[in-house]
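J.: predicted coordinates and the sequence they were generated for:
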Amino acid sequence: MEHILLIEDNLPDVELIKSYLEDASFSYRLYTVKSLHDGLDIIKHHPINLALLDLALDDTTGLPTLNSFFDEVPDIPVIVLTGNANEMLGMNAIRAGAQDFLIKGEFNGKQLIRTIRHSMLRFKKQIDLRKEAWKMQQQEKYNKRLLAWAKLGSWEIDVLDNTMTWSEEMYRILGFQPDSFAPKLSDYLRLVNNEDKEQVEEQLNEAIKTGKFCEIEHRAVINNRTVKYLQLQGQVTSLESSGKIIFLGTIQDVSEMRRASQQPDSSTIADATKARFINGIVNTAQAPVFALAQSISQLDKDLSPNSIEPVKRHFSAFSDIFFQQINMCLFANKDLLLEETVISLSELKSIFEQIAFIKNLSPNFYWNEASEESIQAARPLFIAFAYNLLNTTLNYYGHNFKLHVEILKKETYYLHFTVESFENGAAHQHKSFGHQLQDLLRKKNFEPSQDHILLSVNALAKTLLLLKGTLHIDKQQHIELTLPLNPQNKSSYSNGALTNHAPRTLIIEHQSILQISLRRMLQSNFQKMEINYAENLHDGDLKICTENYDLALLDVQIPVKNGVSIEQLFRNTKSIPVIALSSDASDANRTALLQSGAIDCITNPPQCEELIEAVKKILEH
């Protein structure tokens with residue numbers, strides 16, 4: 001039911017609008033008041049979905065009426081009513097934030113109802129876009145932190161005039177304040193060590209002429225006193241929207257790694273450091289990278305190609321940096337020991353789907369009934385395997401291939417991949433690809449390469465070996481890769497305490513005293529449990545969309561904020577069990593909450609025994 005507020009002091013106009021609304025096809029409840037003050041009071045006590053606001057009231061007139069309304073209630077759509085054919089006032093009202101305007105005496109019932117429906121739909125879309133924009137702003141902050149931590153920058157070169165665009169981190173790497181000047185390629189080359197300059201210029205010119213991927217390591221003199229080792233990567237590409245040709249790439253300060261590799265007795269320390277590095281970078285960046293991919297995927301459906309294409313291009317470049325850092329660590333030592341964590345098979349599927357989106361691919365996935373099972377696995381290796389499998393296949397076959405993925409259950413679980421090309425006569429490519437993998441697995445001599453295709457094949461072979469996978473090429477030259485999966489130990493609890501997996505719990509509760517009470521009850525029984533808070537539905541929804549949780553506790557009496565409702569939050573938590581906390585202990589309320597999506601419902605504030613029993617039941621299953 002739609003709750004509509006009419007703020008109008010002219011009784012004939014009120015009666016006319018009431019009669020028009022009688023023909024509405026949707027159910028509604030109409031509230032009528034004569035003043036802005038009374039209207040704001042109605043909003044405090046009723047869930048208003050839309051306001052019809054006359055701009056000529058007894059207590060206020062003109063645009064200040066609308067501004068006063070938005071000062072108090074910024075999150076309700078407004079249709080303004082104007083008189084005397086004052087279209088200019090209506091247009092100014094739209095500029096001030098109104099959804100639409102109607103001139104009294106110039107609209108009928110159909111026009112009123114259509115305007116109401118369109119305004120509510122438009123406002124909902126605006127709320128969704130603002131939410132996505134906020135998410136992207138947060139992801140950008142995370143990305144900047146990650147780039148600074150990894151000492152990674154990005155750049156673009158206009159191949160026509162050699163003007164460059166540097167990221168903020170690239171300015172810092174080169175010893176400048178961000179955006180302190182408009183750089184050109186000559187500015188960068190002036191920093192290159194004289195002994196390396198000729199080689200750098202030759203390789204950059206060659207990459208621009210041929211369009212081939214280039215990777216250059218060289219020295220640079222920063223502020224006339226500090227020598228840094230920089231790794232430059234890039235490739236010429238064209239913008240789909242404009243056809244403009246640019247040279248797009250990344251830069252990384254590898255000075256510390258280069259100096260560490262020159263220390264003869266530091267190999268053991270370096271190996272451990274690199275293992276910690278790859279665990280750290282994946283744990284820090286995986287969630288925001290994949291969450292941002294989901295956000296961009298949604299925006300791709302809503303925005304025009306000209307608007308979304310630059311976002312996708314920069315995100316793809318950043319994502320390649322992220323995956324390249326994992327590959328770099330894979331080549332750092334022979335036996336990379338990484339921490340294993342619990343991963344569901346549905347999460348593995350999601351990893352492949354997100355990377356497929358990032359690489360602009362649409363492989364075919366086939367998953368059997370075991371998709372809800374969980375395994376023990378090193379997440380960085382599976383992410384590296386997924387990226388390098390999709391990237392290598394893309395390098396060899398373009399988009400002309402199928403990738404079948406399925407879970408096989410024999411004595412244990414296996415992840416089975418089949419690569420099949422669409423192209424006729426592609427058997428030679430298959431043979432080259434498959435036999436190259438076989439040679440690498442047999443020799444176990446994996447080396448990084450400046451050729452991005454060979455680099456991807458080497459990284460794929462190494463991850464396949466580390467995951468104890470196998471390779472088979474059938475008579476049709478289909479490439480089959482099989483990975484054994486280690487099922488999760490089901491005995492997760494011993495005497496009420498976690499033994500293998502420390503779950504993450506989100507408490508969505510606005511009262512601080514209840515937050516503290518819930519935390520104490522949980523931590524007294526689950527010492528290893530990680531607990532986070534959200535104080536309203538909007539923040540809770542964002543945390544669920546951008547972070548990984550095993551369980552959520554939701555106070556269903558929590559205030560609504562920014563248009564996020566209980567029903568919307570339940571829709572976004574389908575993969576996360578939610579315990580609803582409600583002061584209404586009636587059977588009808590419990591049934592309604594369970595039908596909405598809660599896995600359990602307990603009274604709020606809960607008894608300790610009741611809460612622990614509900615949480616333990618969820619985590620054990």
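T.: Ah, there it is.

J.: would you list every one of the helices in the stretch 251-400 of the chain?
T.: 255-261, 267-302, 305-330, 345-358, 379-397 (DSSP state H, counting those that start in this stretch).

J.: residues of the fourth one that come out buried?
T.: Right, the one you point to is helix 345-358. Across helix 345-358, burial judged by 16 or more other CB atoms under 10 Å covers Leu345, Glu347, Leu348, Lys349, Ile351, Phe352, Glu353, Gln354, Ile355, Ala356, Phe357, Ile358. Every C-beta, even on glycine, is put in place using the N, C-alpha and C of the backbone.

J.: also stretch 178-185?
T.: Applying 16+ other CB under 10 Å to stretch 178-185 flags Pro183, Leu185 as buried.

J.: and the buried residues of helix 345-358, which is closest to Ala291?
T.: Checking those against Ala291 by CB to CB gives Gln354 as the nearest, at 9.1 Å.

J.: which one of the helices of the stretch 251-400 of the chain lies nearest to Gly234?
T.: Gly234 lies closest to helix 305-330 among the helices of the stretch 251-400 of the chain, at 9.5 Å (CB to CB).

J.: just give me how far the longest strand anywhere in the chain sits from the chain centre.
T.: The strand spanning the most residues in the chain, taking DSSP state E as the definition, is strand 226-238. Offset of strand 226-238 from its chain centre (CA atoms, centre = their mean, to the nearest Å): 27 Å.

J.: avg pLDDT for that strand?
T.: The average pLDDT within strand 226-238 is 88.

J.: Three-state assignment for Ile407, please.
T.: strand (DSSP: H, G, I helix; E, B strand; the rest coil).

J.: kindly report the same for Leu471.
T.: strand.

J.: okay, and the beta partners of it?
T.: Leu481 (DSSP bridges).

J.: is it true that it touches Gln436?
T.: No. Using CB atoms under 8 Å, Leu471 is not in contact with Gln436, being 10.6 Å away.

J.: in its sheet, what does the longest strand of the chain sit against?
T.: In its sheet, and by DSSP bridges, strand 226-238 pairs with strand 214-222 (antiparallel), strand 245-253 (antiparallel).

J.: just the C-alpha atoms of the last one, please, in PDB.
T.: The C-alpha trace of strand 245-253 is given here as PDB (Å, rounded to 0.1, in the frame of the first residue of the first chain):
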ATOM      1  CA  ILE A 245      44.100   5.300 -29.100                       C
ATOM      2  CA  ILE A 246      45.800   5.300 -25.700                       C
ATOM      3  CA  PHE A 247      48.800   3.500 -24.100                       C
ATOM      4  CA  LEU A 248      47.500   2.200 -20.800                       C
ATOM      5  CA  GLY A 249      49.700   0.800 -18.000                       C
ATOM      6  CA  THR A 250      50.900   0.500 -14.500                       C
ATOM      7  CA  ILE A 251      54.000   1.400 -12.500                       C
ATOM      8  CA  GLN A 252      55.300  -0.300  -9.300                       C
ATOM      9  CA  ASP A 253      58.100   0.600  -7.000                       C
END
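
J.: now that strand: mean pLDDT?
T.: For strand 245-253, mean pLDDT rounds to 88.

J.: got the contact list for that strand?
T.: 150-160, 170, 173, 204, 207-208, 214, 228-239, 313, 317, 320-321, 324 (CB atoms under 8 Å, 6 or more residues apart in numbering).

J.: could you pull out the buried residues of that strand?
T.: For strand 245-253, using 16+ other CB under 10 Å, the buried residues are Ile246, Phe247, Leu248, Gly249, Thr250, Ile251, Gln252, Asp253.

J.: of the contacts of strand 245-253, keep whichever come out buried.
T.: Neighbour-count burial (16+ other CB under 10 Å) applied to the contacts of strand 245-253 gives 150-157, 170, 173, 204, 207-208, 214, 228-237, 313, 317, 320-321, 324.

J.: about what we covered before: tell me what angle the longest strand of the chain forms with helix 305-330.
T.: With axes from the mean of the first three to the mean of the last three CA atoms, to 10 degrees defining the directions, strand 226-238 sits at 130 degrees from helix 305-330.

J.: does Pro77 touch Ile48 like I think?
T.: No. Shown here, Pro77 and Ile48 do not form a contact pair, counting by CB under 8 Å, at 9.7 Å.

J.: just name the shakiest helix or strand of the chain by mean pLDDT.
T.: When each helix and strand of the chain is scored by mean pLDDT, DSSP states H and E, strand 493-494 comes last, with a mean of 34.

J.: how many other residues sit next to Tyr28?
T.: Neighbours of Tyr28 under the rule other CB atoms under 10 Å: 14.

J.: is it in contact with Leu6, as I believe?
T.: No. In this structure, Tyr28 is not within contact of Leu6 by CB under 8 Å, at 11.0 Å.

J.: residues contacting the closest residue to Gly97 other than its chain neighbours?
T.: Counting by CB to CB, 6 or more residues apart in numbering, Gly97 lies nearest to Phe70, which is 5.6 Å off, once chain neighbours are set aside. Residues near Phe70 by CB under 8 Å, 6+ apart: Val78, Ala96, Gly97.

J.: those, buried ones only, as a ChimeraX selection?
T.: Buried residues among those (16+ other CB under 10 Å), as a ChimeraX selection:
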select :78
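
J.: reformat the contacts of Phe70 as CSV; add distance to Gln607 and secondary structure.
T.: Listed next are the contacts of Phe70 as CSV, based on distance: CB to CB, whole Å; DSSP: H, G, I helix; E, B strand; the rest coil:
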residue, distance to Gln607, secondary structure
Val78, 45, strand
Ala96, 51, helix
Gly97, 47, coil
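
J.: looking at the contacts of Phe70, spot the one nearest Ile308.
T.: Nearest to Ile308 out of the contacts of Phe70 is Gly97 (CB to CB; 25.3 Å).

J.: ok, residues contacting stretch 43-55?
T.: Contacts for stretch 43-55 (CB under 8 Å, 6+ apart): 2-10, 13, 17, 31, 36, 39, 42, 61-63, 65-66, 69, 72-73, 76-82, 89, 93, 98, 116, 119-120, 123.

J.: now it: buried residues?
T.: Residues Ile43, Ile48, Asn49, Leu50, Ala51, Leu52, Leu53, Asp54, Leu55 are the ones in stretch 43-55 that count as buried (16+ other CB under 10 Å).

J.: now for those: which two are most distant?
T.: Asn49 and Leu55 (20.5 Å).

J.: check which helix or strand His416 maps to.
T.: Secondary structure from DSSP states H and E places His416 in strand 413-421.

J.: just want the angle from that strand to helix 345-358.
T.: Relative orientation of strand 413-421 versus helix 345-358 (the same axes, to 10 degrees): 20 degrees.

J.: give me the packing partners of strand 413-421, helices and strands only.
T.: helix 379-397, strand 401-409, helix 427-443, strand 479-487 (3 or more CB pairs under 8 Å, 6 or more residues apart in numbering; DSSP states H and E).

J.: please save the CA atoms from that strand in PDB.
T.: Taking Å, rounded to 0.1, in the frame of the first residue of the first chain, the C-alpha atoms of strand 413-421 are listed here in PDB:
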ATOM      1  CA  TYR A 413      35.000 -33.900  -4.400                       C
ATOM      2  CA  TYR A 414      36.800 -32.800  -7.600                       C
ATOM      3  CA  LEU A 415      36.500 -29.500  -9.500                       C
ATOM      4  CA  HIS A 416      36.500 -30.400 -13.200                       C
ATOM      5  CA  PHE A 417      37.200 -28.000 -16.100                       C
ATOM      6  CA  THR A 418      36.800 -28.600 -19.800                       C
ATOM      7  CA  VAL A 419      38.000 -26.000 -22.400                       C
ATOM      8  CA  GLU A 420      36.300 -26.400 -25.800                       C
ATOM      9  CA  SER A 421      36.900 -24.000 -28.700                       C
END
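
J.: that strand: how far from the chain's middle?
T.: With CA atoms, centre = their mean, you get 27 Å for strand 413-421.

J.: coming back round to it: please identify the deepest-packed of the helices and strands packed on strand 413-421.
T.: Looking across the helices and strands packed on strand 413-421 with neighbours counted as mean count of other CB atoms under 10 Å, the highest average goes to helix 379-397: a mean of 23.
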